[in-house]
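Structural data only, the sequence is not supplied:
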């Protein structure tokens, strides 16, 4: 099991690989987002403490707790919930969004690599790989099994910020936690993102609903002259 410091060191190496891939892509279109083949498991006791859990969110699907001492801004339609280290400063901030997702119903250790490839393809399709700074890495923190990666962003076309993501799918809902931090501070605040991820309680983690079976037409009534068809009819029952 990797310690938190080992995990962050590995991601620093991944950052170099990701940036090199982006540069090599040149003008030939967006490069494929690199996916790590090694999964990371983080221990909760190595992460920052959380505050009191909030009331259930996302129509009763999840319960989330903020990092201890962080500010909870007023609700906004752009996210389910958002946390800020200080009410007076814009960054760092952690926000949670959700959307329906069809390709995977529940992300688990058995299919997290498949989910990572799906996220890689989506980033490539949307042309968002140019600013990808880390590999897409499978990660497990307590109940949270998903992927994490980092991208750079810009505010007001000039200010560069760091954007660290942790994503999973539970009961057909894709949950994205995003840390936004000032340039050069993401390693300091990334553990808070993972602490929030590991503290999420998924209240509707269940098997996918059974697909409706196509309506079968009643079999043709057999005739005494075709005993073979009578036998097939009985086997189908």
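Yes, it's here. This one's a predicted model, so the numbers in the text were calculated from it and none came from an experiment. Residues are numbered from 1 along each chain as shown.

Just the strands from the chain, written as ranges.
Per DSSP state E, the chain carries strands over the ranges 40-42, 62-63, 81-84, 93-100, 137-141, 144-155, 159-170, 173-182, 201-202.

measure stretch 89-104 end to end?
End-to-end distance for stretch 89-104: 37 Å, by Cα to Cα, to the nearest Å.

So which bits of that stretch are buried?
Buried residues in stretch 89-104, defined by neighbour count with 16 or more other Cβ atoms under 10 Å: 91-98, 101, 104. Any C-beta I mention is one placed from the backbone N, CA and C, and that applies to glycine too.

so which of the strands of the chain comes closest to residue 73?
Residue 73 lies closest to strand 81-84 among these, at 5.3 Å (Cβ to Cβ).

contacting residues around the closest one?
54, 57, 64, 66-67, 70-73, 75-76, 90, 92-96, 196 (Cβ atoms under 8 Å, 6 or more residues apart in numbering).

how about the residue nearest the centre of the chain, what does it touch?
Centre of the chain computed as the mean C-alpha position; nearest residue by Cα atoms, centre = their mean is residue 167, 1.2 Å away. Going by Cβ under 8 Å, 6+ apart, residue 167 touches 119, 146-148, 174-177.

What of residue 196?
Taking Cβ under 8 Å, 6+ apart as the test, what residue 196 contacts is 50, 64-67, 83, 94, 96, 177.

Let's see that with 7 Å instead.
Taking Cβ atoms under 7 Å, 6 or more residues apart in numbering as the contact definition, residue 196 lies against 64, 67, 94, 177.

Now for the first one: which residues touch it?
Meaning residue 64. Residue 64 neighbours (Cβ under 7 Å, 6+ apart): 53-54, 57, 81, 96, 196, 200.

10 Å instead?
The contact partners of residue 64, by Cβ atoms under 10 Å, 6 or more residues apart in numbering, come to 50, 53-58, 80-81, 83, 94, 96, 175, 177, 196-197, 199-201.
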